[in-house]
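*Asks:* please work out how this folds:
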Amino acid sequence: MRNKIIPYNPELKELARQLRKNSTLPEVLLWQKIKKKSLGVQFHRQVPMLNYIVDFYCHEIGLAIEIDGKSHDFNFENDADRQAKIEAYGVQFLRFSNDEILNNMFSVSLIIENKVKELLE
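*Replies:* Numbers count the residues shown, from 1 in each chain. Reported below is the predicted structural model:
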């Protein structure tokens with residue numbers, strides 16, 4: 001799975017670029033914790049995969065991190081379907097709510113660090 005590139009719809013490139021330019025506060029805060037190989041692996045923001053865009057993705061270990069804000073409150077079935085389609089390519093997911101990022105960053109950071117270590121082994 002390492003460094004496997006997941007196919008994506010090229011029409012999503014511009015949307016991904018716009019999402020990177022207009023990040024939410026929880027996305028900015030998490031990015032500050034995981035950017036520049038701070039966990040020993042490189043994450044990318046707003047990565048197109050299939051017909052979707054994931055918030056953060058590390059190609060090296062096949063880990064996607066999603067932050068679920070208000071737009072996800074009523075889209076649980078869509079999120080689950082989307083996640084299952086991407087997981088079929090061997091990608092693993094961590095999901096956090098906006099509240100978890102804003103109010104419990106220490107625990108979020110530990111969960112991510114532990115998952116990265118697990119996937120590197």
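*Asks:* can we go C-alpha only for contacts and neighbour counts from here?
*Replies:* Noted.
*Asks:* which parts of this protein are helices?
*Replies:* Here the chain has its helices, by DSSP state H, at 12-21, 25-34, 76-87, 98-103, 105-120.
*Asks:* out of those, nearest to Asn51?
*Replies:* Nearest to Asn51 among the helices of the chain is helix 12-21; the distance by Cα to Cα comes to 7.5 Å.
*Asks:* okay, now the unreliable bits of this structure?
*Replies:* By pLDDT under 70, the low-scoring segments of the chain are 1-3, 70-77.
*Asks:* neighbours around Asn22, how many?
*Replies:* A total of 11 residues lie near Asn22 under the criterion other Cα atoms under 10 Å.
*Asks:* tell me how far it lies from Ile61.
*Replies:* In this view, Asn22 and Ile61 are 26 Å apart by Cα to Cα, to the nearest Å.
*Asks:* now swap in Glu87 and tell me
*Replies:* Counting by Cα to Cα - Glu87 and Ile61 are separated by 13 Å.
*Asks:* out of these two, which sits in the more crowded spot?
*Replies:* Set Glu87 next to Ile61 and count neighbours by other Cα under 10 Å: Ile61 wins out with 24 against 15.
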